[in-house]
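Participant: Curious how this folds, go ahead:
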Amino acid sequence: MWRLIRRVKSPLNVETLFGEQAVARGELCYNLNLSPCTSTVMVCVGSLWLLLVWPLCAPGWLAHKCVVYDDASDWPSDTNCPGVRHAASCSGVTDLRRDLRGLPGELRTLCVDVDRAKRVHSPLPVASFSALRRLRHLHVAGCFSRVLNGSFRGLAELRTLTLRHLYVPLDCCESAVVPAALLDLPRLRALHLHGYSLRKLPPHVFAARLPRLRGLFVNATCDDDLAEVICRVTPLLTSLTELTLAAPLVQELTRHNCSWNGASERRDFTTSANQRGDFPTSANQREDFTTSANQRGGFTTSANHPAVRLTVGMVTTVEHGALSCFPELTYLSLKMNEQLQEQLNKTAIRKIDLLDYGQPDLSMQEICAVVSAFSIKRVDLHYNNIDFSEFDPDQS
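Facilitator: The predicted model follows:
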């Protein structure tokens, strides 16, 4: 049962509350259980038992597994749950419907951490959050075996959804997400997936109509095939303004062939160019090729292309035409043992704003050539040794 809480500025005095005579007669007993933020007093007067919960530091609501705060200033400083007003944080949740029952309907932000004793939980129940129809931001930490059609029913006002595996980066969640589950989120603007395997999701998982989705943030810690990951997000590229893909296990940059959704003009054009051997190998050829593709509808132009941040691992193989969906990158992080410029020239990338690059032995001359070829604005380098022997600052 939920109890309204008021701020207590002075220590709790049982005698003041119930009278000195009651205490003296032994008719009142209590069990004080202190936590960093609350005092729980179990009181018995005669045969009547009362449970009073008093906070020592903040107003709000308390339950067995949830804390609700009306104002962000009352949140503990170490909280990982973002919220300004009307926010709740629940931990150790084992049964969503039971443990969240009674939460105030006016909540705007809800953070749920499931019980860590189980690596994978049962399917996310249908209408798990349907009583919270005014919810704007939902952050769920845990791995569910399935996300069902109707799991998010009733959340038509939701703007942000986060699904995060508790064991990142040591493990990944191979959950089956039914594409229709996202149809209940027509106002969704940002989707965060951390530790969920995109390769295990249905190929058309994002084919559902998400007209207002602008940001997709994916930390695919266990996916080693970047082409498969790209195929999952392809349907969203025309509407997104921000895309972040982190796949640290990826070692090969290969062409993608997303045949499941009917090859787009961009993909057909790229495949055809690959088959003819027409992909560019120099910066000028790559620029001409990309411009031609844009004019023919082959690539998304910079005017409506999302800001793409891509992180991969130690790249050992690069196919001609790789990353054809991303001719412009806001951020690229990778490591290589091969010649950087030679490998990047194989891709369809023509511009990189920020390059985060690692290699045991670097040549400053090559780095400067790459910066010029890809119009790079900033470079973060990680190396053991760097060679300046061929570097001429006057020509850079």
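Participant: How many neighbouring residues does R101 have?
Facilitator: For R101, the tally of surrounding residues (other Cβ atoms under 10 Å) stands at 12. Quick note: C-beta positions are derived from backbone N, CA and C, even for glycine.
Participant: Quick check: F129 touching F152?
Facilitator: Yes: between F129 and F152 a contact is recorded at 6.8 Å, counting by Cβ atoms under 8 Å.
Participant: Give me the common contacts of the two.
Facilitator: Here F129 and F152 have L138 as joint contacts, going by Cβ atoms under 8 Å, 6 or more residues apart in numbering.
Participant: quick one, strands of the stretch 201-350 of the chain?
Facilitator: Residue ranges of the strands in the stretch 201-350 of the chain, as given by DSSP state E, counting those that start in this stretch, are 215-219, 242-247, 252-253, 307-315, 317-318, 328-336.
Participant: E106: which of the ones you listed is closest?
Facilitator: Closest approach to E106 among the strands of the stretch 201-350 of the chain is made by strand 215-219 (25.5 Å; Cβ to Cβ).
Participant: quick one: contacts of that closest one?
Facilitator: With Cβ under 8 Å, 6+ apart as the criterion, strand 215-219 contacts 168, 189-196, 198, 206, 229, 233, 236, 240-246.
Participant: re earlier: take the strands of the stretch 201-350 of the chain and write them to TSV, including distance to L185, mean pLDDT and mean neighbour count.
Facilitator: Output for the strands of the stretch 201-350 of the chain, formatted as TSV (distance: least, Cβ to Cβ, whole Å; pLDDT from 0 to 100; neighbours: other Cβ atoms under 10 Å):
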stretch	distance to L185	mean pLDDT	mean neighbour count
strand 215-219	13	93	20
strand 242-247	17	94	20
strand 252-253	32	91	20
strand 307-315	22	94	19
strand 317-318	37	92	16
strand 328-336	26	95	20
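Participant: So which of the ones you listed is nearest K346?
Facilitator: Of the strands of the stretch 201-350 of the chain, nearest to K346 by Cβ to Cβ is strand 317-318, at 4.7 Å.
Participant: Got the phi and psi for the closest residue to E328 other than its chain neighbours?
Facilitator: In space, E328 comes closest to K351 once its chain neighbours are excluded; the distance is 4.5 Å by Cβ to Cβ, 6 or more residues apart in numbering. K351 adopts backbone torsions of phi -150, psi 140, taken as degrees, to the nearest 10.
Participant: mind checking pLDDT for K351?
Facilitator: As predicted, K351 sits at a pLDDT of 96.
Participant: How about L226, nearest residue that isn't a chain neighbour?
Facilitator: Closest to L226 by Cβ to Cβ, 6+ apart is V250, at 4.5 Å.
Participant: cool, and H382?
Facilitator: G358 (3.6 Å).
Participant: Test of understanding: give the bridge partners of that neighbour.
Facilitator: K335, H382 (DSSP bridges).
Participant: which ones are touching it?
Facilitator: Contacts of G358 by Cβ under 8 Å, 6+ apart are L334, K335, M336, L381, H382, Y383.
Participant: Identify each buried residue in the helix or strand encompassing V112, please.
Facilitator: V112 is part of strand 109-114 when elements are defined by DSSP states H and E. Within strand 109-114, the residues that count as buried by 16 or more other Cβ atoms under 10 Å are T109, L110, C111, V112, D113, V114.
Participant: Ok, stretch 117-131 next?
Facilitator: In stretch 117-131, counting by 16+ other Cβ under 10 Å, buried: H121, L124, A127, S128, F129, S130, A131.
Participant: Would you mind splitting this structure into its domains for me?
Facilitator: Structural domains annotated on the chain: 1-57, 59-218, 223-396, as defined by automatic domain parsing.
Participant: rewinding a little: go through the buried residues of strand 109-114 and say which is closest to L135.
Facilitator: L110 (5.9 Å).
Participant: mind listing what the closest one touches?
Facilitator: Contacts of L110 by Cβ under 8 Å, 6+ apart are A87, A88, S89, C90, L100, L103, F129, L132, L135, H137, L138, H139.
Participant: again with Q341
Facilitator: E366, A369, V370, A373.
Participant: okay, how far is it across stretch 156-166, tip to tip?
Facilitator: In stretch 156-166, first residue to last residue: 26 Å (Cα to Cα, to the nearest Å).
Participant: Mean confidence (pLDDT) on it, please.
Facilitator: 93.
Participant: how about it: buried residues?
Facilitator: In stretch 156-166, counting by 16+ other Cβ under 10 Å, buried: L158, R159, T160, L161, T162, L163, R164, H165, L166.
Participant: In CSV: these, plus secondary structure.
Facilitator: Shown next, in CSV, are the buried residues of stretch 156-166 (DSSP: H, G, I helix; E, B strand; the rest coil):
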residue, secondary structure
L158, coil
R159, coil
T160, strand
L161, strand
T162, strand
L163, strand
R164, strand
H165, coil
L166, coil
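Participant: Return a ChimeraX selection command for the buried portion of the contacts of Q341.
Facilitator: Command for ChimeraX, covering only those of the contacts of Q341 found buried under the criterion 16+ other Cβ under 10 Å:
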select :366,370,373
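Participant: I386 belongs to a strand?
Facilitator: Yes: judged by three-state DSSP, I386 forms part of a strand.
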